[in-house]
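Visitor: dropping a prediction and its sequence here:
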Amino acid sequence: MTEQWADAGAPPRRRKLRLGVVAAAVTTVLTLLCCVGGAAAFFLTELGGEEKDEATVAGLACDAAHRVSITGDMPRFAEYGEGQLRNAAVIIKVGQDMKVPARGWVIALATAMQESALRNLANSTVPASLALPHEGVGSDHDSLGLFQQRPGWGSVQQRMTPSYTARKFYEKLVRVARWEQRPLTVVAQRVQVSAFPDAYAKHEDLAGRIVDALAGGAARTVQIAGEAVCDAASGARIAASGWTAPIPGGVGSGFRTADRPSHNGVDIAAPKRVTEIHAASAGRVLVARCDPDHSGRRDCDRDGWPGKGGCGWFVDILHAGGYITRYCHMVERPRVVPGELVAAGDVIGLVGSSGNSSGPHLHFEVHVDGDRSSRGAINPVPFMRERGAPLDGST
């Protein structure tokens, strides 16, 4: 890569690692096959793959005031039928009525997707005399309803009422400290106390797209001064989708342009040298090291230059859904280590100019299907915009 930003300033003192709240967002078994530069290939197991839906939300305008309808036409998703999506609409409507921010709707949906596949489930312990309407029979002890709530949550009739169960979920959700910033798995587990807490993660991406389709792009909103604002997630501000822009700034060199067809990410101009770089979403650190240059040297503790080769100090993070983000050219050793679990917005390093670079900036990549190689790279600009975290500040 040949980067295009002018150098400025001098390397800073190493800052002390900030210890934040980190928790499991995905459970992943990694089998490394090879490691060449910043593009090692590996297999992933026990990771939910990217789920596809039939609803087109990429071009959906963000309307923070949109009210969900539980009686109108439902969007089409390959994974769920009309009745399941109406249950999703009920969950979102209750959240809206309670004035719970949209991040809560995503967490609630992902939880119900895991617990019941968005079906209002009865079980064999429900007396036939009650004749309660239901959409299937579950097998989890005495658990009932969309969230598979046990007797302590309410009576049988209450737990088989979708609006009641959603309200009880939100009431407990909002009591979880820092629930809007923490990984979905952690928050959902605090509410549900599940035997399989990591299972919620694989539903997060699809839950966000369902929220977008039913509630006017609401997964793209972020809470600022108590108000929902569209497409403004950056740094410590996390969109309802669970994503945030890693640094503020505008995109300079783009993704695989005509003059740089092998540029597998975008270059984001930093406001200043040593700008803090934030994890774009919750996940597990795969790589945090110095990338060798074209000569094979790991020489990252000084500024690089065009043609040197390598990412410099860089980090790769694996997120739910098989997404991987990459952050290159840090000024010093990253603040995270392989295997570490990070929350969205956690500081993972500082902007610099190490490696194949002509000046301080962040080279940022997004990969799909757990593929860190160039084959898995996609354009980060539309990807991040669809999640309410535009890299260039535009909508």
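Guide: Structure's in. What do you need?
Visitor: can we go C-alpha only for contacts and neighbour counts from here?
Guide: Will do.
Visitor: show me how this structure divides into domains.
Guide: With domains defined by automatic domain parsing, the chain comprises 29-50+240-385, 82-215.
Visitor: pick the most buried one from the ones you listed.
Guide: Across the domains of the chain, the average number of neighbours (mean count of other Cα atoms under 10 Å) peaks for domain 29-50+240-385, which reaches a mean of 22.
Visitor: quick one: mean pLDDT for that domain?
Guide: Average pLDDT, domain 29-50+240-385: 87.
Visitor: next one: that domain to chain centre, how far?
Guide: Centre-to-centre, domain 29-50+240-385 and its host chain are 15 Å apart (Cα atoms, centre = their mean, to the nearest Å).
Visitor: now swap in stretch 143-162 and tell me
Guide: 29 Å.
Visitor: so what's Val211 up against?
Guide: Residues counted as contacts of Val211 (Cα atoms under 8 Å, 6 or more residues apart in numbering) are Ile92, Trp105, Val106, Gly217, Ala218, Ala219.
Visitor: could the residues you listed go into TSV alongside secondary structure, distance to Glu79 and pLDDT?
Guide: Output for those, formatted as TSV (DSSP: H, G, I helix; E, B strand; the rest coil; distance: Cα to Cα, whole Å; pLDDT from 0 to 100):
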residue	secondary structure	distance to Glu79	pLDDT
Ile92	helix	18	98
Trp105	helix	18	98
Val106	helix	16	98
Gly217	coil	19	96
Ala218	helix	20	97
Ala219	helix	19	97
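Visitor: now render the residues you listed as CSV, adding distance to Ser143.
Guide: Output for these, formatted as CSV (distance: Cα to Cα, whole Å):
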residue, distance to Ser143
Ile92, 22
Trp105, 21
Val106, 22
Gly217, 32
Ala218, 30
Ala219, 29
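Visitor: just the closest of those to Gly226, please.
Guide: Nearest to Gly226 among the contacts of Val211: Ala218, at 14.8 Å, using Cα to Cα.
Visitor: which residue packs closest to the closest one, ignoring adjacent ones?
Guide: Spatially, and ignoring its direct neighbours in sequence, Ala218 is nearest to Asp212 (5.2 Å; Cα to Cα, 6 or more residues apart in numbering).
Visitor: can you pull the pLDDT of the one you found?
Guide: Reading off the confidence values, Asp212 has pLDDT 96.
Visitor: what helix or strand is it located in?
Guide: In this structure, Asp212 sits in helix 204-214 according to DSSP states H and E.
Visitor: same thing with His66?
Guide: Assigned by DSSP H and E, His66 belongs to neither a helix nor a strand.
Visitor: for Gly242, same thing?
Guide: In this assignment (DSSP H and E), Gly242 forms part of neither any helix nor any strand.
Visitor: ok, now Asn87?
Guide: Judged by DSSP H and E, Asn87 forms part of helix 82-97.
Visitor: pipe the domains of the chain into a markdown table and attach distance to Val68 per row.
Guide: What follows is the domains of the chain, written out as a markdown table (distance: least, Cα to Cα, whole Å):
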| stretch | distance to Val68 |
| --- | --- |
| domain 29-50+240-385 | 16 |
| domain 82-215 | 5 |
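Visitor: of all the ones you listed, which lies closest to Gly226?
Guide: Once the domains of the chain are compared by Cα to Cα, domain 82-215 is nearest, at 8.8 Å.
Visitor: give the other helices and strands that the helix holding Asn87 contacts.
Guide: Packing partners of helix 82-97 (3 or more Cα pairs under 8 Å, 6 or more residues apart in numbering; DSSP states H and E): helix 102-116, helix 162-173.
Visitor: now the angle from it to helix 204-214?
Guide: Helix 82-97 runs at 80 degrees relative to helix 204-214, counting by axes from the mean of the first three to the mean of the last three Cα atoms, to 10 degrees.
Visitor: and the angle for helix 82-97 with helix 102-116?
Guide: Using the same axes, to 10 degrees: helix 82-97 against helix 102-116 is 140 degrees.
Visitor: offset the numbering so it begins at 14, please.
Guide: Right, with 14 as the first residue, what we last looked at is helix 95-110.
Visitor: contacts for helix 95-110, please.
Guide: With Cα under 8 Å, 6+ apart, helix 95-110 has contacts from 80-84, 87-89, 114-115, 117-118, 121-122, 130-133, 175-176, 179-180, 183, 224, 227-228.
Visitor: hang on, Arg302 is in a strand, isn't it?
Guide: Yes. Judged by DSSP: H, G, I helix; E, B strand; the rest coil, Arg302 forms part of a strand.
Visitor: isn't it right up against Pro347?
Guide: Yes. In this structure Arg302 lies within contact range of Pro347 using Cα atoms under 8 Å: 7.1 Å.
Visitor: shared neighbours of the two, anything?
Guide: Joint contacts of Arg302 and Pro347 (Cα under 8 Å, 6+ apart) are Trp326, Phe327, Val328.
Visitor: just the ones in strands from the residues you listed, please.
Guide: Trp326, Phe327, Val328 (DSSP state E).
Visitor: kindly check the end-to-end length of stretch 300-313 for me.
Guide: This stretch, stretch 300-313, spans 15 Å end to end (Cα to Cα, to the nearest Å).
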